[in-house]
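Peer 1: sequence? don't have it. structure:
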Ligand SMILES: NC(=O)c1ccc[n+]([C@@H]2O[C@H](COP(=O)([O-])OP(=O)(O)OC[C@H]3O[C@@H](n4cnc5c(N)ncnc54)[C@H](OP(=O)(O)O)[C@@H]3O)[C@@H](O)[C@H]2O)c1
């Protein structure tokens, strides 16, 4: 039956399977957006619009599904809703307007695939926190909630600051790429991805749930390999790229 706990559990497994498939796929084929965009992927659309469209279910649909749930007015589910929206309002309605990507495009198919994934992700996570999961007030004194929330917030701060540094590398109207310097960029090429992975690890810990774990695995599977590709791209593009810099985990990877 649709929207039963069994159906929800099945979709959670689908997401975990998709994380595995994505890991294999993006390790072989780099997603064609941003610096790796390609015209051979069919029709394209303005990149800024693409970001807004593909991330919008994470704000709008998430809120709608959340407020169908039986536990919608309980404290802990509301707190988790706040965490999720804290990230996604920024990503959907603030970040795309800060990007300096005038004239840049992305393939429509990339936007469509990301949109489709977000619909699945949103159903699995929103339905969990306000309906199928169970978070009574005792969860407020469970360290998992606060350790997860701290990881989430720390990851968010790293992600937003790292993106802001990249965005500031271009003057308005510029389109090219430069070597980012300073702060975590002295250690790794992609602190924005590190921050994103920390955030969703925090979400998995704070919700202590299979849906949270599924999104954490998907994020790592999706942007982990991209961090390695971006790192290689920097080394190949800039002959003076700092030697000691790693891809995504300082001193390690
Ligand atoms: N949860 C997930 O699975 C997931 C998946 C993908 C992305 N994200 C998040 O979405 C955000 C954007 O991702 P992304 O893959 O587009 O990140 P990105 O490749 O690092 O690009 C971020 C922004 O900075 C610009 N930029 C990057 N490197 C630059 C350089 N060396 N010089 C000048 N400008 C530079 C990019 O311009 P261009 O667009 O022109 O390249 C883009 O506007 C990140 O915060 C990421 O964590 C999350």
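Peer 2: Received, thanks. Everything quoted here is computed from the prediction, not taken from an experiment.
Peer 1: okay, CA-based contacts and neighbour counts for the rest of this
Peer 2: Will do.
Peer 1: so what's the backbone phi/psi at the residue of the stretch 51-200 of the chain found nearest the ligand?
Peer 2: The nearest approach of the stretch 51-200 of the chain to the ligand comes at residue 177, 3.5 Å away (Cα to the nearest ligand atom). Backbone torsions of residue 177, given as degrees, to the nearest 10, read phi -120, psi 150.
Peer 1: Quick one: neighbours of it, just the number.
Peer 2: Neighbourhood size, residue 177 [other Cα atoms under 10 Å]: 13.
Peer 1: same deal with residue 40?
Peer 2: For residue 40, using other Cα under 10 Å, the count is 9.
Peer 1: ok, it - contacts?
Peer 2: The contact partners of residue 40, by Cα atoms under 8 Å, 6 or more residues apart in numbering, come to none.
Peer 1: how about it, secondary structure?
Peer 2: helix (DSSP: H, G, I helix; E, B strand; the rest coil).
Peer 1: What pLDDT does the model give it?
Peer 2: pLDDT recorded at residue 40 is 92.
Peer 1: follow-up on the earlier one: quick check, pLDDT for the residue of the stretch 51-200 of the chain closest to the ligand.
Peer 2: Looking at residue 177, its pLDDT reads 97.
Peer 1: How about residue 2?
Peer 2: pLDDT at residue 2 comes out at 75.
Peer 1: try residue 37
Peer 2: Reported pLDDT for residue 37: 90.
Peer 1: Angles on the backbone of the residue lying closest to it once chain neighbours are set aside, please.
Peer 2: Excluding the flanking residues, the one nearest residue 37 by Cα to Cα, 6 or more residues apart in numbering is residue 106, at 6.6 Å. Torsion angles at residue 106 (phi, psi; degrees, to the nearest 10) stand at phi -140, psi 150.
Peer 1: so what's residue 106 up against?
Peer 2: 32, 33, 34, 37, 44, 45, 46, 47, 50.
Peer 1: can you count the residues close to the last one?
Peer 2: Pointing back at residue 50 there. 22.
Peer 1: now the first one
Peer 2: Applying the criterion other Cα under 10 Å, we find 16 residues in the vicinity of residue 32.
Peer 1: For it, give its distance to residue 102.
Peer 2: Residue 32 sits 18 Å away from residue 102, going by Cα to Cα, to the nearest Å.
Peer 1: and what of the third one?
Peer 2: Residue 34 sits 12 Å away from residue 102, going by Cα to Cα.
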